[in-house]
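Trainee: no sequence on hand, only this structure:
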């Protein structure tokens, strides 16, 4: 059976990283966009990460420009923006596609594990997936769902 730990992703610096490095840890995986109207979710995601990192929770951010090109072209700009404006200290990865022929295999898996309301496709920035300690997708949250609303589910996987 496949889990998120079976995937390798590109870090912001271009190096590959196996998600097996997070094995046994609950995760929140989210597609992000620095110029999106929902950008304040970075603040809440950082608050959740800070609150629960001692209990092994890790937030993984994946910048994406597929929705109205709302991400910087340069990944260094993205990471600097997130750190300076929202204090982001959770891992941010390289820019990816979450839908279509060039979509990242991790997101293909996430979408197949938990489809959306009308289709499996990701509809917008800040779609969030909660992963349990076994690497399995527990829940998918809409872009407009504030990260704080995930707290009850997060506590269940800790």
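Mentor: All right, it came through fine. Source: prediction; values computed, not measured.

Trainee: every contact and neighbour count from this point should use C-alpha atoms.
Mentor: Will do.

Trainee: center of the chain, which residue is that?
Mentor: Closest to where the C-alpha atoms of the chain average out (Cα atoms, centre = their mean) is residue 30, at 2.0 Å.

Trainee: so it: helix, strand or coil?
Mentor: Under DSSP: H, G, I helix; E, B strand; the rest coil, residue 30 falls in the strand class.

Trainee: which other helices and strands contact the helix or strand bottoming out on mean pLDDT in the chain?
Mentor: One helix or strand of the chain scores below all others by mean pLDDT, DSSP states H and E: helix 75-86, with a mean of 92. Contact here means 3 or more Cα pairs under 8 Å, 6 or more residues apart in numbering; DSSP states H and E; on that basis helix 75-86 packs against helix 41-52.

Trainee: the helix it packs on: what's the following helix or strand?
Mentor: The helix or strand immediately downstream of helix 41-52 is strand 58-63, counting by DSSP states H and E.

Trainee: just checking, what packs against that following strand?
Mentor: When contacts are defined as 3+ Cα pairs under 8 Å, 6+ apart, strand 58-63 sits against strand 27-32, helix 41-52.
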